[in-house]
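A.B. asks: quick one: sequence and predicted model below, then my questions.
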Protein chains: 2
Amino acid sequence: MSHDDPIGELVALLSRLPGIGERTATRLAHHVLSADPAYAQALGASLAAVHARVVKCERCANFCGGPLCRICQDTTRDDAVVCVVARVPDLGAIEKSASFRGRYHVLHGLLAPLDGVGPDQLPLDALVRRVEREAIKEVVVATPLSVEGEATALYLAEVLRPRGVRVSRIASGIPHGGELEYADQVTVGRAFEGRREL
Amino acid sequence: MSHDDPIGELVALLSRLPGIGERTATRLAHHVLSADPAYAQALGASLAAVHARVVKCERCANFCGGPLCRICQDTTRDDAVVCVVARVPDLGAIEKSASFRGRYHVLHGLLAPLDGVGPDQLPLDALVRRVEREAIKEVVVATPLSVEGEATALYLAEVLRPRGVRVSRIASGIPHGGELEYADQVTVGRAFEGRREL
């Protein structure tokens, strides 16, 4: 197919992106064809090179272009608090909220024994080493509030607490602007469990 | 930015696609990064090469990989009827409907005097030559039902009718399953103008 149907090939490849169906992929392919060829070249080159150009920060495993990421290079941040996230986009969401000024540690995954992902498959050793070597007082576990995220949080607490560091977990409850009526039972239950005195 | 922020560069390029905002572009970039590097390579190469690999059919200007497109190569199609479309996706929509078995002629644009697109900027000469040389009996103008599409249709009728060919226009009216209550006035007006005896 690839030789006599370059548009079909491009549509098939674009359709593999999340949330992009065949219809949208066709629209995108025709947009690219009707736009400046330099744009298709630039996007193509950026995609083809992104895996080679993006490396993981030596300290926290955040994506970056050099040995250390921007956050690890930032001397104004608090070395005493490390936030553990499952994925780089989660780190981005926390940065956007401007609610955290410490360092990060990116796992690039979560414990999932049923899928064969055990503690050895995640960079947990690197986190333990950081806790032992750096002056870390608190580890905030900001993995998702899913089964796997919770299991990973519990495991981290077990491993890190004996090393004299405080391990905390981000709060779970009704989202900002959320209606109790439409919240699921688990979320309502967590909101009650985590209630604070006013 | 491009040297120390390859993800930011990719997000910026993806954001230029229609319907892809910065949020979606970020999600797509991280998906590509977490997927098999071979996929990013294949999509990147396909994008970078698509302008060079896609050529216009010598006869009808449909996109294709060789000198003649699949439809022009198909000997079972009716040479006597040619359907004029503005863009290749319009041709695709007509093919999907399976309501037309003739040939096509793709303009890759519409008359738009205000934007400086006059008859000389569109491949109208090629269409006139086809009408003169091929055994064409009818030209169905399937340009959009917009101001520019209508203007192009009227212009084609003026140019082609003196050459002894029948020029027709696709019908305009209430879409299949459409409610009159929610149709705009022009559409309702056209549905009445184009009414047929039962």
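C.D. replies: Looks like it arrived, so ask away.

A.B. asks: distance of A:Asp79 from chain B?
C.D. replies: Going from A:Asp79 to chain B by C-beta to the nearest C-beta, to the nearest Å gives 23 Å. All C-beta spots, glycine's among them, are computed from the backbone N, C-alpha and C.

A.B. asks: doesn't that residue belong to a strand?
C.D. replies: Yes: A:Asp79 sits within a strand when classified using DSSP: H, G, I helix; E, B strand; the rest coil.

A.B. asks: which residues does it contact?
C.D. replies: Neighbouring residues of A:Asp79 by C-beta atoms under 8 Å, 6 or more residues apart in numbering or on different chains: A:Gly102, A:Arg103, A:Glu134, A:Ala135, A:Ile136.

A.B. asks: would you confirm that A:Leu13 contacts B:Ser46?
C.D. replies: Yes: counting by C-beta atoms under 8 Å, A:Leu13 does reach B:Ser46; the two are 5.3 Å apart.

A.B. asks: neighbour-wise, which of the two wins?
C.D. replies: B:Ser46 (25 against 20; other C-beta atoms under 10 Å in any protein chain shown).

A.B. asks: what mean pLDDT does the helix or strand containing the more buried one get?
C.D. replies: Taking DSSP states H and E as the criterion, B:Ser46 maps to helix B:37-53. For helix B:37-53, mean pLDDT is 95.

A.B. asks: now swap in stretch A:69-79 and tell me
C.D. replies: Mean predicted confidence for stretch A:69-79 is 95.

A.B. asks: before we move on, what about stretch A:189-198?
C.D. replies: Here the average pLDDT along stretch A:189-198 is 81.

A.B. asks: contacts for that stretch, please.
C.D. replies: Contacts of stretch A:189-198 (C-beta under 8 Å, 6+ apart): A:Leu145, A:Ala171, A:Ser172, A:Gly173, A:Ile174, A:Ala183.

A.B. asks: next, the angle helix B:37-53 makes with the host helix or strand of A:Arg23.
C.D. replies: Assigned by DSSP H and E, A:Arg23 belongs to helix A:22-34. Here the directions of helix A:22-34 and helix B:37-53 differ by 50 degrees (axes from the mean of the first three to the mean of the last three C-alpha atoms, to 10 degrees).

A.B. asks: same question for helix A:22-34, mean pLDDT?
C.D. replies: In the prediction, helix A:22-34 has an average pLDDT of 94.

A.B. asks: quick one: the most centrally placed residue in chain A from chain B, how far?
C.D. replies: The centre of chain A sits closest to A:Arg87, judged by C-alpha atoms, centre = their mean, with a distance of 1.7 Å. Using C-beta to the nearest C-beta, A:Arg87 is found at 7 Å from chain B.

A.B. asks: in chain A, which spans are helices?
C.D. replies: A:6-14, A:22-34, A:37-53, A:70-73, A:88-97, A:124-133, A:147-160, A:185-193 (DSSP state H).
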